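below are the sequence and a predicted model for it; my questions follow.
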Amino acid sequence: MNVVLGVGGGIAAYKAAELSRLLQDRGITVQVVMTSAAQKFITPLTFAALTNRKVITDLFTDRGEEETLSSAVEHIRVAQDHQLLVIAPATADLIAKMAHGHADDFLSTLYLAFTGPVVIAPAMNTNMWNHPAVVQNMRVLRERGHRIVEPGEGLLACGTTGPGRLAEPMAIAHEVSTVLFGVKDLEGEVVLITAGPTEEPIDPVRYITNRSSGKMGYAVADAAVRRGARVILISGPTSIPIPAGVEFIRVGTAREMRDAVFSKLGAANIVIKAAAVADYHVSNASDQKIKKTAARLTLELDPNPDILAEVGAQKGDRILIGFAAETHNMVAEAKRKMQTKNCDMVVGNFVNTPGTGFASDENAVTLVLRTGEIVEIEKASKQDVAGKILDQIQKLRLVAPAKS
Ligand code: PMT
């Protein structure tokens, strides 16, 4: 595997030297490209010695006898010969150039010519990181599907404290190898996932349901299979493709979903309840079509079992993840549900923002963790959001064991 390491001009540029070594330790060939500002902080010679390759420093520097035409198209050749572009540290200037498509040096030109995955590790002063221009540019890059290795918090070189410090080289190397090779960190785990709506019959032709399409839960199931888990997907009625490799159980009502969950619960050590379960069912559903009359029709509803709460009551050592679809007070509601239903994490989902939540291809969620941490996942494809939910589950498992 060949990777381009783009080094921007920041005090953290020296950490890119360690990153180049960590990538090579993983069997990756590293081609370093430095901006002119980066060369003020660390010399190309350091990277040349570490990677045993000539470092690219400029669009038109002399490259010996081959010269002009070959050097003029070298960014195209480099783009074609490499499977991933990682930029660390990504300065505010580099981020702006990428967001807006400027191409005035080798790295920014290569970025435009590159069609593979891009991993970006920003580093800058806290005020710069929080500036609306940078926030907006980062949003553009996230929406473009680039993987961002978020900066850490701490004392920065400029003397201020806050977010902006380059992520640890190990975390960046991990992200690069995850994108290149995929991770199988759920091998040996059994993940039970519920997804989609339920349908509560009124009579043989009518029912009560909700707007869930199943896309979010199916994306989590697909991501978990890819990461090596055995996945049991229990789904209400949907019309989207069933992810390859899952054990699939189709249900209709909330009570059927409850029975299916408890028939498989014994096997599962991670339970993720993404389904939008109807809270009520019609008390006396008719077995014949109810005829239309001029009179008012009143439906009586009884509460459905709260499957998540029932699982929470006997969760044992399992990791239990609930979702909370809310139109207001999302974080407070997610916290309440986490406590009352004994969850390890609740995925808070605003469902009145256009383009996210029910039925859309993208989502933006807030993870409320039992550790007290709150993690925002910005708007991205449901596949990306699913990956980040699984990352948090893995962190929860590693950082603090589940309580019984
Ligand atoms: O399916 P999509 O179109 O992709 O949309 C995704 C989604 C918005 C449905 C999903 O991201 C989401 O938020 N799912 C949870 C919806 C929901 O029912 O939220 P709730 O706040 O009503 O329920 C809280 C939790 O309790 C959920 O984990 C739910 O599965 C569970 N529950 C609720 C009621 C019940 N009777 N039994 C349950 O287990």
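Yes, it's here.

give me the buried stretch members for the helix ranked longest in the chain, please.
Counting residues, the longest helix found in the chain (DSSP state H) is helix 382-399. For helix 382-399, burial by neighbour count (16 or more other CB atoms under 10 Å) applies to 382-394, 396-397. Bear in mind the C-beta positions are built from the backbone N, C-alpha and C, glycine included.

leaving out sequence neighbours, find the closest residue to residue 88.
Residue nearest to residue 88 in three dimensions, not counting chain neighbours: residue 121, with 3.8 Å by CB to CB, 6 or more residues apart in numbering.

so where's this protein shaky on pLDDT?
Along the chain, segments meeting pLDDT under 70 span 61-72, 399-404.

how about the residues of it that lie near the ligand?
Counting by CB under 6 Å from any ligand atom, the chain comes close to the ligand at 194, 196, 212-217, 254, 273-277, 279, 304, 306-308, 322-325, 337, 349, 351, 357-359.

residues in contact with the residue nearest to residue 88?
Counting by CB atoms under 8 Å, 6 or more residues apart in numbering, residue 121 makes contact with 86-90, 148-149, 151, 166-167, 172.

pretty sure it sits in a strand.
Yes. Counting by DSSP: H, G, I helix; E, B strand; the rest coil, residue 121 falls inside a strand.

can you start the count at 52 instead of 1 from here on
Got it, first residue is 52 now, which makes that one residue 172.

how close does it sit to residue 216?
The spacing between residue 172 and residue 216, counted by CB to CB, to the nearest Å, is 10 Å.

joint contacts of these two?
Here residue 172 and residue 216 share the contacting residues residue 202, scored by CB under 8 Å, 6+ apart.

re earlier: may I see the contacts of residue 172 arranged in a markdown table, with distance to residue 131 and neighbour count as well?
Listed next are these as a markdown table, based on distance: CB to CB, whole Å; neighbours: other CB atoms under 10 Å:
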| residue | distance to residue 131 | neighbour count |
| --- | --- | --- |
| 137 | 17 | 29 |
| 138 | 18 | 28 |
| 139 | 22 | 28 |
| 140 | 26 | 30 |
| 141 | 23 | 31 |
| 199 | 25 | 18 |
| 200 | 25 | 23 |
| 202 | 31 | 22 |
| 217 | 29 | 27 |
| 218 | 28 | 22 |
| 223 | 24 | 27 |
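
how about those, which pair is most distant?
137 and 202 (14.7 Å; CB to CB).

re earlier: do you know how far the residue nearest to residue 139 is from residue 232?
18 Å.

so residue 417 bridges to which residues?
As for beta bridges, residue 417 partners with residue 399, residue 427 under DSSP bridges.

could you measure from it over to residue 87?
Applying CB to CB to residue 417 and residue 87 gives a distance of 41 Å.

more neighbours: those two, which one.
When neighbours are counted by other CB atoms under 10 Å, residue 417 and residue 87 differ, and residue 417 comes out ahead with 18 against 12.

who's in contact with that one?
Neighbour list for residue 417: 381-382, 385, 398-399, 425-428 [criterion: CB under 8 Å, 6+ apart].

where's it relative to the ligand, distance?
11 Å (CB to the nearest ligand atom, to the nearest Å).

and residue 52, by the same measure?
34 Å.

number of residues surrounding that residue?
15.

my read: it touches residue 75, true?
No. Counting by CB atoms under 8 Å, residue 75 is not a contact partner of residue 52; they are 10.8 Å apart.

quick one: distance of the longest helix of the chain to the chain centre.
How far helix 433-450 lies from its chain's middle: 7 Å, per CA atoms, centre = their mean, to the nearest Å.

do stretch 405-425 as well
10 Å.

pull out the buried positions in that stretch.
For stretch 405-425, burial by neighbour count (16+ other CB under 10 Å) applies to 407-409, 411, 413-421.

please apply the same query to stretch 172-188.
By 16+ other CB under 10 Å, the buried positions in stretch 172-188 come out as 172-177, 179-180, 185, 188.

what about those residues, which are in helices?
Applying DSSP H to the buried residues of stretch 172-188, the entries found in helices are 177, 179-180, 185, 188.

for the ligand, state which of those residues is nearest.
residue 188 (28.0 Å; CB to the nearest ligand atom).

let me see the contact set for the residue lying closest to residue 372 once chain neighbours are set aside.
The spatial neighbour of residue 372 that comes closest, neighbours along the chain excluded (CB to CB, 6+ apart), is residue 323 at 4.5 Å. Each residue near residue 323 by CB under 8 Å, 6+ apart is listed here: 242-245, 268, 271, 372, 440, 444.

adding secondary structure, write the residues you listed out as JSON lines.
Putting those into JSON lines (three-state DSSP) gives the following:
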{"residue": "242", "secondary structure": "strand"}
{"residue": "243", "secondary structure": "strand"}
{"residue": "244", "secondary structure": "strand"}
{"residue": "245", "secondary structure": "strand"}
{"residue": "268", "secondary structure": "helix"}
{"residue": "271", "secondary structure": "helix"}
{"residue": "372", "secondary structure": "strand"}
{"residue": "440", "secondary structure": "helix"}
{"residue": "444", "secondary structure": "helix"}
